[in-house]
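Asks: attaching a predicted model along with its sequence, questions to come.
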Amino acid sequence: MTALPVNKFDVLFSSGSANVPDDAIAVAISLFNYETFIVECLDSVAAQIYKNVELIVVDDCSTDDGAMVVATWMEANAGRFVSISLIRHSRNRGLASTRNTACNYAKAPYVFILDADNEIYPRALARLKEALDDTGGGAAYSQLEFFGDLKRIGDGDIWRKETFINGNYVDAMALVRKDVIQQVGGYTHIEGGWEDYDFWCKLIERGIDAVFVPELLCRYRVHGNSMLRTDTNRNAADVLLQVQMRHPWLNF
């Protein structure tokens, strides 16, 4: 296994068992200045029909009151989870490092990646775990529902290297085996975005399969500050070049 990069952090809230069940799923939420959306995100996790859930929120030095909002919510909802934690980076590290911190911290053997402005439907974790159990894949992902400023169905499809060659079509909201995350070295910072694309390319290069669940299980919020609207679009050419240099088999 490849050790993920270790970042300094403080534990702001922690409750629950030091050990989690073998079938537990860690929901890893990245938080940066999303005080407005984080409660809706957390509520969607608490509403999961899957019972053995470990919840980890990593605050990447937000400048709003998001961490305080999370701590208050956790105090009221800690009993729902087998383990629940709020941790805060000692300095702003970016999205890739925030996800890696959560994955490192997770005790569960499965990790679901979730950003603080998004949501999941109650059946999401159960259906994705079922897909992993049935196929033995390294990851499982679903079709997306875009909501907020844009309302439409996403572009999810079955896992094929040939489809990735021309662009990413798999969102970060996916259930991934923790040992797979370690095997590929976790997430890598890509200036301007597309850490998700890079992560999936690393799985492909190691021959790790993922399974597509053609159901609406995850909700991607489109708003003025979402990645769909900001860094990636403004720096598209530079981002494409960075990703292609890392994965020369891509064809843009």
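Replies: Received the coordinates, thanks. Numbering: from 1, shown residues only.
Asks: what's stretch 160-167 in contact with?
Replies: 157, 169, 197, 200-201, 204, 249-252 (C-beta atoms under 8 Å, 6 or more residues apart in numbering). (C-beta placed from N, C-alpha, C; glycine too.)
Asks: looking at those, state which has the most neighbours.
Replies: Among the contacts of stretch 160-167, Trp200 has the most neighbours (other C-beta atoms under 10 Å), with 25 neighbours.
Asks: residue contacts, it?
Replies: Going by C-beta under 8 Å, 6+ apart, the list of residues near Trp200 reads 164, 168, 170, 210.
Asks: just those residues: which are in strands?
Replies: Among these, the members found in strands (DSSP state E) are Ala210.
Asks: what is the most widely separated pair among the contacts of Trp200?
Replies: Asn168 and Ala210 (12.6 Å; C-beta to C-beta).
Asks: who has more neighbours out of those two?
Replies: Using other C-beta under 10 Å, the more surrounded residue of Asn168 and Ala210 is Ala210, with 22 against 18.
Asks: list the beta-bridge partners for the more buried one.
Replies: Using DSSP bridges, the beta-bridge partners of Ala210 come out as Ala139.
Asks: where in the stretch 101-250 of the chain is pLDDT low?
Replies: The stretch 101-250 of the chain contains residues with pLDDT under 70 at 225-235.
Asks: so which helix or strand takes in Leu175?
Replies: Taking DSSP states H and E as the definition, Leu175 sits inside strand 174-177.
Asks: that strand pairs with which strands, and in what direction?
Replies: Strand 174-177 is paired, per DSSP bridges, with strand 110-115 (antiparallel), strand 139-148 (antiparallel).
Asks: reformat the contacts of stretch 160-167 as TSV; add secondary structure.
Replies: Below are the contacts of stretch 160-167 laid out as TSV (DSSP: H, G, I helix; E, B strand; the rest coil):
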residue	secondary structure
Asp157	coil
Tyr169	coil
Tyr197	helix
Trp200	helix
Cys201	helix
Ile204	helix
Trp249	coil
Leu250	coil
Asn251	coil
Phe252	coil
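Asks: tell me which residue lies nearest the centroid of the protein.
Replies: Taking C-alpha atoms, centre = their mean, the centroid of the chain lies closest to Ile113, which sits 1.9 Å from it.
Asks: ok, now how distant is that residue from Val176?
Replies: Look at Ile113 and Val176: by C-beta to C-beta, to the nearest Å, they are 7 Å apart.
Asks: now the strands for the protein?
Replies: 9-16, 25-31, 53-59, 83-89, 110-115, 119-120, 139-148, 152-153, 174-177, 210-222.
Asks: now distance to Glu75 too, for those strands, in a markdown table please.
Replies: What follows is the strands of the chain, written out as a markdown table (distance: least, C-beta to C-beta, whole Å):
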| stretch | distance to Glu75 |
| --- | --- |
| strand 9-16 | 7 |
| strand 25-31 | 16 |
| strand 53-59 | 13 |
| strand 83-89 | 10 |
| strand 110-115 | 20 |
| strand 119-120 | 21 |
| strand 139-148 | 28 |
| strand 152-153 | 37 |
| strand 174-177 | 27 |
| strand 210-222 | 25 |
